[in-house]
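*Asks:* give the three-dimensional model of this entry:
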Amino acid sequence: MLNFAEIVQTIKTIVESRIALIRSDIEDQLSGVLSRLVLLVLIGSFFLFGGLFFSLSAAFYISQVTQNPSLGFLVVGFVYFVVVVVLYLTKDANGLQQRINVSLKRFIFKSTSEKNPHE
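*Replies:* You can find the predicted model right below:
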């Protein structure tokens, strides 16, 4: 006949092992999500600075070509205004929202089964 204390100890060990395994899995998934978020912030920052320098360069170039210092900045500002108006008019487009939503979810919450084969 089995000892009741041994059965309790075995069940306790199994439960503790399962909890440790779940904790490890959660830590792995959380660190993956956080690393992708940090990467997304870095990409966004470099994109922002690149866009800023490109805009300034374009504005100075247009100013130099037209011999009017303010015209280049007005043209670049107008281009940004047009982009903002287009984005505002398409903000309620379900197709665009769904594509952005799917892309962000795929990038940030990529599951371990979808990992790149090169990793």
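*Asks:* output the lowest mean pLDDT helix or strand found in the chain.
*Replies:* Ranked by mean pLDDT, DSSP states H and E, the weakest helix or strand in the chain is helix 94-108, scoring a mean of 81.
*Asks:* what is it packed up against?
*Replies:* Packing contacts for helix 94-108, counted by 3 or more C-beta pairs under 8 Å, 6 or more residues apart in numbering; DSSP states H and E, involve helix 4-66. The C-beta positions use only the backbone N, C-alpha and C, and glycine is treated the same way.
*Asks:* following the helix it packs on, which helix or strand comes up?
*Replies:* Next along the chain after helix 4-66, taking DSSP states H and E as the criterion, comes helix 69-89.
*Asks:* would you mind listing the buried residues in that following helix?
*Replies:* Using 16 or more other C-beta atoms under 10 Å as the burial criterion, the residues of helix 69-89 that qualify are 72-73, 76.
*Asks:* want to throw those residues into TSV with distance to Gln29 and pLDDT?
*Replies:* Supplementary listing: the buried residues of helix 69-89 in TSV, determined by distance: C-beta to C-beta, whole Å; pLDDT from 0 to 100:
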residue	distance to Gln29	pLDDT
Gly72	48	93
Phe73	47	95
Val76	43	95
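*Asks:* which one of those sits closest to Val15?
*Replies:* Distance to Val15, by C-beta to C-beta, is smallest for Val76 among the buried residues of helix 69-89, at 63.4 Å.
*Asks:* quick one: contacts for the residue most central in space within the chain?
*Replies:* Centre of the chain computed as the mean C-alpha position; nearest residue by C-alpha atoms, centre = their mean is Leu40, 4.0 Å away. Leu40 sits next to 107-108 when contact means C-beta atoms under 8 Å, 6 or more residues apart in numbering.
*Asks:* tell me which residues in stretch 5-24 are buried?
*Replies:* Applying 16+ other C-beta under 10 Å to stretch 5-24 flags no residue as buried.
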